[in-house]
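the sequence and its predicted three-dimensional model are supplied below.
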Amino acid sequence: MIYILLAPGFEEIEAVTPVDILRRAGFAVQTVAVQPDSQTMSVEGAHKLSILCDLSIQEANLMTAELVVLPGGMPGTLNLEKDEHLRRALAFRMENNLPVAAICAAPSILGNMGLLNGRKATCYPGLEEKLV
């Protein structure tokens with residue numbers, strides 16, 4: 001399973017495009033709501049597009065996923081970074097060389113956690129100092 005994680009303020013094109021392309025390619029993809037109210041499955045993006053997610057972060061098995069995708073956007077990236085469940089899963093995945101895709105501002109989450117040491121990453125211009 002591929003999980004696309006959505007927190008309030010996510011960049012819509014960075015979430016919807018991977019879902020669309022991966023599903024067209026035949027991959028199993030689910031959207032995951034990452035927000036303080038785990039009962040709410042609808043997540044609003046940075047430009048007010050709301051997406052009804054397939055699962056909550058508590059329901060997704062991030063440790064065994066084929067791929068975890070982190071869309072960027074503000075404040076979506078900051079909201080992803082706040083989630084302790086996600087932080088534990090990212091640490092596990094990076095330590096075990098399991099695939100994580102972070103788009104635009106989202107690589108800063110991995111950098112802030114110290115998970116990019118010795119790795120190459122690309123990010124939104126101006127956030128390069130967050131990658132070390």
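That came in fine, so what should we check first?

next, give phi and psi for the residue lying farthest from the centre of the chain.
In the chain, the residue that sits farthest from the middle, by C-alpha atoms, centre = their mean, is Gly118; the gap is 21.1 Å. Main-chain torsions, Gly118, degrees, to the nearest 10: phi 80, psi 10.

can you count the residues close to Asp37?
Residues within reach of Asp37, counting by other C-beta atoms under 10 Å, total 9. Bear in mind the C-beta positions are built from the backbone N, C-alpha and C, glycine included.

how about the contacts made by Leu49?
Glu12 (C-beta atoms under 8 Å, 6 or more residues apart in numbering).

follow-up on the earlier one: quick check: the residue farthest from the centre of the chain vs Glu81, distance?
Using C-beta to C-beta, to the nearest Å, Gly118 is found at 21 Å from Glu81.

can you check Ala46 too?
To Glu81, Ala46 is 15 Å away according to C-beta to C-beta.

again with Ala28
To Glu81, Ala28 is 26 Å away according to C-beta to C-beta.

these two: which is more packed in?
Neighbour count, other C-beta under 10 Å: between Ala28 and Glu81, Glu81 has more, with 21 against 10.

contact partners of stretch 84-102?
Contacts for stretch 84-102 (C-beta under 8 Å, 6+ apart): 5, 18, 34, 57-58, 62-63, 65-70, 72, 80-81, 109-110, 113, 115, 121, 123.

nothing else from me, thank you.
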